[in-house]
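Peer 1: Got a predicted structure plus its sequence, pasted below:
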Amino acid sequence: MRQVVIVGYPNAGKSTLFNRLLHQKKSLVHSLPGMTRDRVSAPCVLHEKRFELVDTGGFFDSLAEPLSPQVKKMAWEAAKTADVLLLLLDGRRGLAPAETDLYRSLKKLGKPLLVVVNKIDTSAQEAGLGDYYRLGEERLFFISAEHALGLSDLEEAVAAALPAAEPAGAEEPPPLRIAIIGRINVGKSSLVNRLCGEERFIVSELPGTTRDSSDVLIRTDRRSYRLVDTAGIRKLNRVADERESAGVIKAKKNIPLADVLCLVLDAQEFPTHQDAAVAKLAFDSGKPLLIALNKWDLIDENRVSLANAKNLVFQRLEFIDYAPLVTVSALTGKRTMRILDLADKVYQSGLKTVGTPRLNKWLASISAAKALLSKTGKRFKIRYMTQKDVLPPTFVLFTNTQASFAPAYEKYFVKEMRDAFDLRDTPVKLVLKSPSKK
């Protein structure tokens with residue numbers, strides 16, 4: 001897919017423009033500079049031209065921002081792969097010498113380049129913008145991304161700069177959206193880099209390196225996937241930086257938007273209390289889930305077997321014991337592609353349906369084998385059951401009285417359902433419905 005990449009210095013409004021062109025709030029915006037570190041991308045359509053729009057971190061070097069060299073490198077790599085470049089400048093602070101140098105460097109790439117001057121909220125401001133014409137561009141675009149001013153001309157120019165649309169082939173199914181989630185420093189970004197085969201996201205030992213949730217589209221010979229690298233999830237009262245707090249909130253919001261969740265654990269220290277908290281978010285979402293036990297290259301397999309590792313994980317995370325687990329190494333690449341295979345598997349498991357006659361035949365059998373117990377210890381009956389939904393498979397059980405399962409019995413009931421109907425790799429939701437009161 002063609003790429004349009006937005007570049008510029010911090011606080012020029014790149015993320016705000018990105019969101020405006022998409023007509024949705026995808027990229028995080030913050031008053032403090034450096035909110036965006038990794039590339040954030042999304043499919044976009046302007047004037048019937050379809051392309052990938054890319055937001056980048058700012059071109060800057062700062063002692064206050066230890067990752068600025070990596071941010072700058074990532075932005076430059078994105079610029080080199082672009083089909084069209086948008087250089088965004090801050091119209092309120094004037095043209096900086098470094099921005100002139102950046103403009104010249106971008107011109108040398110030989111790509112269509114549109115110079116956009118942002119934060120021009122009134123026509124009176126345009127009178128003082130003569131400096132920007134010193135760049136030598138025949139046409140400048142004066143806009144206010146925040147107030148959606150001047151965007152129509154820019155959108156037309158972006159569409160015109162893109163190559164002609166490629167002939168439509170067979171319609172491709174939408175990519176499977178996999179959110180990579182976990183606490184800080186478990187190797188989520190390294191894992192996504194390994195899966196997409198390039199250094200797409202910044203990797204650092206510093207906690208909170210990933211701020212915004214960032215997407216990357218990858219294709220295999222089987223299908224396409226959209227991997228979402230999320231910020232490490234931890235308690236907000238432990239986060240000092242407002243920008244990281246925004247990233248944690250965004251990561252939590254990405255969970256219900258995913259098709260599949262991949263929970264990443266650190267093989268050297270698992271499962272921690274925070275691992276359990278993230279796993280609970282995944283469980284509550286009802287989304288198909290797999291577990292990637294990362295950094296397995298650091299484990300002595302003569303001392304710790306896969307069976308040992310699984311036992312340790314599921315002793316603490318028993319409530320997600322339906323999720324398949326794979327040991328991986330983002331560093332060496334060992335078994336990382338299994339993540340995509342398992343993502344397909346758990347997604348398909350979440351789509352399974354069971355006919356009502358089969359369900360009720362099984363219900364009669366299990367009810368005869370072991371009496372149903374409620375939370376209060378009383379027995380009750382399920383008159384019949386039926387499947388209501390998928391993703392997750394959701395079953396409605398019609399009872400003879402108002403009751404809810406005793407936790408131990410519910411666990412037993414769901415386990416027997418998994419074995420009977422091959423629902424081992426998906427969450428299962430039960431809804432008990434009692435007779436309505438007259």
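Peer 2: Yep, it's here. Just so we're clear, the structure is a prediction, and the values are computed from it rather than from any experiment.

Peer 1: The closest residue to residue 156 other than its chain neighbours - how many residues pack around it?
Peer 2: Nearest residue to residue 156, sequence neighbours excluded (C-beta to C-beta, 6 or more residues apart in numbering): residue 47, at 6.5 Å. C-betas here are computed from N, CA, C, even on glycine. Neighbour count of residue 47, defined by other C-beta atoms under 10 Å: 10.

Peer 1: So, low pLDDT: which residues of the stretch 251-400 of the chain?
Peer 2: Nowhere does the stretch 251-400 of the chain drop to pLDDT under 70.

Peer 1: Now do the strands for the stretch 1-150 of the chain: every range, in order, please.
Peer 2: 3-8, 40-46, 49-55, 84-90, 113-118, 140-142 (DSSP state E, counting those that start in this stretch).

Peer 1: close enough to count as contact, the residue nearest to residue 156 and residue 155?
Peer 2: Yes - the pair residue 47 / residue 155 is scored as a contact, 6.8 Å apart, by C-beta atoms under 8 Å.

Peer 1: re the thing from before, what sits against the residue nearest to residue 156?
Peer 2: Residues in contact with residue 47, defined by C-beta atoms under 8 Å, 6 or more residues apart in numbering, are 155-156, 159.

Peer 1: from these, which is closest to residue 274?
Peer 2: Distance to residue 274 across these (C-beta to C-beta) is lowest for residue 155, with 43.0 Å.

Peer 1: Quickly note the distance from that closest one to residue 44.
Peer 2: Distance of residue 155 to residue 44, given as C-beta to C-beta, to the nearest Å: 10 Å.

Peer 1: now residue 229: how far from residue 114?
Peer 2: For residue 229, the distance to residue 114 - C-beta to C-beta - is 28 Å.

Peer 1: who's more crowded, these two?
Peer 2: residue 229 (29 against 20).

Peer 1: That one reaches residue 195, doesn't it?
Peer 2: No - contact between residue 229 and residue 195 fails when scored by C-beta under 8 Å: they sit 9.9 Å apart.

Peer 1: bridging residues for the closest residue to residue 107 other than its chain neighbours?
Peer 2: Spatial nearest neighbour of residue 107, excluding adjacent residues (C-beta to C-beta, 6+ apart): residue 113 at 6.2 Å. Residues in a beta bridge with residue 113, per DSSP bridges, are residue 85.

Peer 1: State whether residue 113 and residue 87 are indeed in contact, as I suppose.
Peer 2: Yes - judged on C-beta under 8 Å, residue 113 makes contact with residue 87 at a distance of 6.3 Å.

Peer 1: Overlap in contacts, the two.
Peer 2: 103, 106.

Peer 1: how many other residues sit next to residue 287?
Peer 2: 23.

Peer 1: on that earlier part again, mark which of the contacts of residue 47 are buried, thanks.
Peer 2: The neighbour count (16 or more other C-beta atoms under 10 Å) marks 155, 159 as buried among those.

Peer 1: Turn the contacts of residue 47 into CSV, including pLDDT and secondary structure.
Peer 2: Below are the contacts of residue 47 laid out as CSV (pLDDT from 0 to 100; DSSP: H, G, I helix; E, B strand; the rest coil):
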residue, pLDDT, secondary structure
155, 97, helix
156, 97, helix
159, 96, helix
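
Peer 1: Adding distance to residue 73, write the contacts of residue 47 out as TSV.
Peer 2: Shown next, in TSV, are the contacts of residue 47 (distance: C-beta to C-beta, whole Å):
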residue	distance to residue 73
155	29
156	32
159	30
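
Peer 1: Tell me the one of the contacts of residue 47 nearest residue 280?
Peer 2: Of the contacts of residue 47, the one sitting nearest to residue 280 (C-beta to C-beta) turns out to be residue 155, at 42.8 Å.

Peer 1: Just give the nearest non-adjacent residue to that closest one, would you?
Peer 2: residue 46 (4.8 Å).

Peer 1: what about the stretch 1-150 of the chain, any weak spots by pLDDT?
Peer 2: Counting by pLDDT under 70, the stretch 1-150 of the chain shows low-confidence ranges at 26-38, 60-69, 127.

Peer 1: in it, which spans are helices?
Peer 2: Using DSSP state H, counting those that start in this stretch, the helices of the stretch 1-150 of the chain run over 14-22, 68-80, 97-107.
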